[in-house]
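In: Give me coordinates for this.
(one chain, ligands or ions: 1)
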Amino acid sequence: MVDVPEDMPELAAQAHATHVVVVGAGIAGLVAARECAKVGLRVTVLEAQERLGGIVETADVGGGPVDLGVTCWSGRTGAVDALVGELDLSDDVIAPRDGGQWIAGLPGGAAAPMPADSIAGIPSNPWAEDVRRIVGTRGAWRAYVDRLRPPLTIGQERSLGRLVTHRMGRRVRDLIVAPPSVSGFGVDPDDIDVEAVAPGLSAAFTRGGTLSGAVGQLAAHERPGLRSLRGGMTQIVDRIGAHLAQLGADVRTGTPVTSLTATEDGRWHVETASAGDDPAARGESAPVDAPPLEDAHAVIVATDEATARMLLAPLTGISTASRSRHRDTVTLVLAASALDAVERGPVMHVVPGSRAASGLVHESARWGEAHGQVVHVWFDRADGAGLARDDADVIAEALAEASALLDVPLGDGDLVAAERRVYALSLPAAALDQPAIRAEARRTPAGLAVIGGWVSGSGLARVVGDARAEAERVRRSVLWGAEGASNAGSR
Ligand SMILES: Cc1cc2nc3c(=O)[nH]c(=O)nc-3n(C[C@H](O)[C@H](O)[C@H](O)COP(=O)(O)OP(=O)(O)OC[C@H]3O[C@@H](n4cnc5c(N)ncnc54)[C@H](O)[C@@H]3O)c2cc1C
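Out: Residues are numbered from 1 along each chain as shown. Down below sits the predicted model:
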């Protein structure tokens, strides 16, 4: 039974005396910090880098704002739309001008549009011209076997890749289903949960008995689209940062957290890299005279997976082995008139193993908003191989890949500016082992919460909703003592 104080000023004072530390100021940490600060909790945000936002990063490249990491969000959960509305940014929301998706690296180096009637790449009609163009007549015949085979219940096969191989054959799996899975999520389709990536497909399959028929039923329903922000996604970060300042939160950049320990009086001691440490690790602008950090009543860990595991391992026994990969991303700003008339794209998925790049988005063609021609090219290199390579080297490789993938001549003379970033890429919620990772991460003692793409499943739509829900749980726990922040076994 929760003891509700009658005297609300007393509750406000209690809130102000309650200190919550948020470790990491990516979108997850910022959303959670704002939720806590809103109700009057004393919030400190500690961010390792010199800027807020994590993978949400907009920079001036070639004379205007360009998103380098996150470029858009899915309207699927409504969580980001709600946030953008609260931050008074709705007038700057834009929808894609061209939502076209293509597959490159097909046999013989060909490229073709993704089949129009498909879900997660699974076609609804194996004989459709846009399917046959990719898998050939032999592949279409094999896919048609799906219509003749006795049904298989999805309960027996949760893997998207294996299900498609079984029902429609390897060519559909390798040439249509694998490219968007690997270029979008960095995950092989065998490791994707079909029900998570296509909710409702299993029920439709069980009802109708064929996979292509199930896709046909679901594809008929409208799915929520993508949105972006005119002027760059970092506006979300800037607005939350300003809101946090108004609410009196203490936001410290250049302050990496190195350890968390439980104190004897039930609080959390948060250790940061100190003034004497290597400035490169610590951040040049870390306030040398920043007030000492008070122990916290609750800590919300909102970093990338590897760092979160390092911080949590001594407290929870969680494994330090991270499943996240790295995505080596190059943003090219080009002045090439040939790009105005390009036929392919704007999204290019690549058949895994056929080229160096995993994918490309011709952003200016997609949104019609950017200054100049903006193209993103990314590489998912096994075990981080190549991450230490020179920026100039990787940018030259990205330019060559852009030229090949879009089938337009592009050379150094067309390049106005370029930026390279390496970001940690978390598993999507649709990954088969993601629920286990989430459960493992959330086995935390009271007063300790974990959020971020690696726990919720990557993608702003999930990260934002999850950060809000966890912050609400922490808020309740520190203010009312309800439920405790420990969630072992509760989710
Ligand atoms: C290249 C790329 C493009 C993407 N594009 C999209 C997209 O267009 N749309 C979409 O919906 N999703 C996209 N995603 C997925 C999406 O970015 C993530 O799900 C989301 O941005 C992750 O936010 P986060 O707050 O969990 O993590 P992050 O943004 O990684 O934030 C973690 C923060 O913790 C900080 N930190 C790390 N260690 C410490 C420490 N020791 N102490 C203090 N701070 C620390 C980091 O510096 C960072 O700021 C993309 C992912 C990648 C990799």
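In: for the stretch 1-150 of the chain, what spans make up the strands?
Out: Under the criterion DSSP state E, counting those that start in this stretch, strands of the stretch 1-150 of the chain are mapped to 19-23, 42-46, 58-60, 65-67, 73-74, 93-94, 101-106, 110-113, 118-119, 122-123.
In: Kindly report which one of these carries the lowest mean pLDDT.
Out: Sorting these by mean pLDDT places strand 118-119 lowest, at a mean of 90.
In: Now E47: phi and psi?
Out: Dihedral angles of E47 (phi, psi; degrees, to the nearest 10) stand at phi -120, psi 130.
In: Hmm, L30 and it touching each other?
Out: No - using CB atoms under 8 Å, E47 is not in contact with L30, being 9.2 Å away. Placement of C-beta: from N, CA and C, glycine included.
In: more crowded one of those two?
Out: Ranked by neighbour count (other CB atoms under 10 Å), E47 and L30 place L30 first, with 30 against 26.
In: What residues does the more buried one make contact with?
Out: Neighbouring residues of L30 by CB atoms under 8 Å, 6 or more residues apart in numbering: 45, 52-53, 237, 240-241, 244.
In: Just the ones in helices from those residues, please.
Out: Among these, DSSP state H puts 237, 240-241, 244 in helices.
In: sorry, back to before: want to throw the strands of the stretch 1-150 of the chain into a markdown table with distance to A469 and mean neighbour count?
Out: As requested, the strands of the stretch 1-150 of the chain are exported to a markdown table (distance: least, CB to CB, whole Å; neighbours: other CB atoms under 10 Å):
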| stretch | distance to A469 | mean neighbour count |
| --- | --- | --- |
| strand 19-23 | 15 | 28 |
| strand 42-46 | 17 | 24 |
| strand 58-60 | 27 | 17 |
| strand 65-67 | 26 | 22 |
| strand 73-74 | 17 | 22 |
| strand 93-94 | 23 | 16 |
| strand 101-106 | 31 | 22 |
| strand 110-113 | 38 | 16 |
| strand 118-119 | 27 | 22 |
| strand 122-123 | 31 | 30 |
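In: need the helices for the stretch 251-400 of the chain, in chain order.
Out: Using DSSP state H, counting those that start in this stretch, the helices found in the stretch 251-400 of the chain span residues 279-282, 305-316, 363-367, 391-406.
In: hmm, back to that, quick one: which of the ones in helices among the contacts of L30 is most hemmed in?
Out: Counting neighbours by other CB under 10 Å, I240 comes out on top of the ones in helices among the contacts of L30 with 25 neighbours.
In: okay, the nearest residue to that residue once chain neighbours are set aside: pLDDT?
Out: Nearest non-adjacent residue to I240, counting by CB to CB, 6 or more residues apart in numbering: L30, 4.5 Å away. The pLDDT attached to L30 in the predicted structure is 98.
In: And the one 5 residues further on, by the same measure?
Out: pLDDT, the model's per-residue confidence, is 97 for E35.
In: do the same with the one 3 residues further on
Out: Model confidence at K38, expressed as pLDDT, equals 95.
In: One more: the one 3 residues further on?
Out: L41 is assigned 96 on the pLDDT scale.
In: same thing with L11?
Out: We have a pLDDT of 76 for L11.
In: surely it meets L479?
Out: Yes - here L11 reaches L479: they are 7.1 Å apart, a contact under CB under 8 Å.
In: Check the secondary structure at R443 for me.
Out: Three-state assignment for R443 (DSSP: H, G, I helix; E, B strand; the rest coil): coil.
In: isn't it right next to S319, touching?
Out: No - if you go by CB under 8 Å, R443 and S319 don't touch, sitting 11.5 Å apart.
In: Among these two, which residue is more densely surrounded?
Out: More neighbours surround R443 than the other of R443 and S319, with 16 against 12 (other CB under 10 Å).
In: Provide the backbone phi and psi angles at the more buried one.
Out: For R443, the backbone dihedrals are phi -80, psi 70 (criterion: degrees, to the nearest 10).
In: show me the contacts for whichever residue of the stretch 51-200 of the chain sits closest to the ligand.
Out: Across the stretch 51-200 of the chain, the shortest distance to the ligand (CB to the nearest ligand atom) belongs to G54, at 2.1 Å. Contact analysis of G54 by CB under 8 Å, 6+ apart lists 24-29, 69, 304.
In: Recalculate using a threshold of 7 Å.
Out: 24-27 (CB atoms under 7 Å, 6 or more residues apart in numbering).
In: Between which two of the contacts of L30 is the distance greatest?
Out: When CB to CB is used, the two most widely separated members of these are G53 and L244, lying 12.8 Å apart.
In: anything in contact with each of those two?
Out: What both G53 and L244 touch, as defined by CB under 7 Å, 6+ apart, is an empty set.
In: G411: how many residues sit nearby?
Out: G411 has 10 neighbouring residues, counting by other CB under 10 Å.
In: tell me the contacts of the residue nearest to A249 when sequence neighbours are not counted?
Out: Excluding its sequence neighbours, the residue lying closest to A249 (CB to CB, 6+ apart) is V43, at 4.2 Å. By CB under 7 Å, 6+ apart, the contact list for V43 reads 20, 22, 33, 36-37, 249.
In: if you set the cut-off to 6 Å instead, what comes out?
Out: For V43, the contact set (CB atoms under 6 Å, 6 or more residues apart in numbering) comprises 20, 33, 36-37, 249.
In: From those residues, which land in helices?
Out: Reading helices off these with DSSP H, I get 33, 36-37.
In: would you turn those residues into a markdown table with neighbour count and distance to the ligand?
Out: Below are the ones in helices among the contacts of V43 laid out as a markdown table (neighbours: other CB atoms under 10 Å; distance: CB to the nearest ligand atom, whole Å):
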| residue | neighbour count | distance to the ligand |
| --- | --- | --- |
| A33 | 31 | 11 |
| C36 | 29 | 15 |
| A37 | 26 | 17 |
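In: so E271 makes contact with S259?
Out: Yes - contact criterion CB atoms under 6 Å: E271 and S259 qualify, at 4.4 Å.
In: per-residue pLDDT, N487?
Out: N487 carries a pLDDT score of 41 in this model.
In: follow-up on the earlier one: between the ones in helices among the contacts of L30, which is closest to the ligand?
Out: Taking CB to the nearest ligand atom as the measure, the ligand lies nearest V237 of the ones in helices among the contacts of L30, at 9.6 Å.
In: measure the closest one to G225 for me?
Out: 23 Å (CB to CB, to the nearest Å).
In: of the contacts of L30, closest to V187?
Out: G53 (24.3 Å).
In: Please name the residues that touch that closest one.
Out: When contacts are counted by CB under 6 Å, 6+ apart, G53 touches 234, 237.
In: going forward can the numbers begin at 22, since that is how I track them
Out: OK, 22 is where the count begins now, so the last one is G74.
In: So what sits opposite it in the bridge?
Out: Beta-bridge partners recorded for G74 (DSSP bridges): G47.
In: swap in I140?
Out: Bridge pairing for I140 - DSSP bridges - gives I143.
In: How much space separates the residue nearest to L89 when sequence neighbours are not counted from A439?
Out: In space, L89 comes closest to E78 once its chain neighbours are excluded; the distance is 4.7 Å by CB to CB, 6+ apart. The gap separating E78 from A439 is 15 Å, by CB to CB.
In: So for those two, which sits in the more crowded spot?
Out: Shown here are E78 and A439; by other CB under 10 Å, E78 has more neighbours (24 against 21).
In: G90 is in contact with the more buried one, correct?
Out: Yes - E78 lies in contact with G90 (CB under 6 Å); the separation is 4.7 Å.
In: Output the set of residues of this structure in proximity to the ligand.
Out: 44-50, 67-70, 75-77, 90-94, 277-278, 323-325, 328, 348, 350, 444-447, 473-474, 479-482, 484 (CB under 6 Å from any ligand atom).
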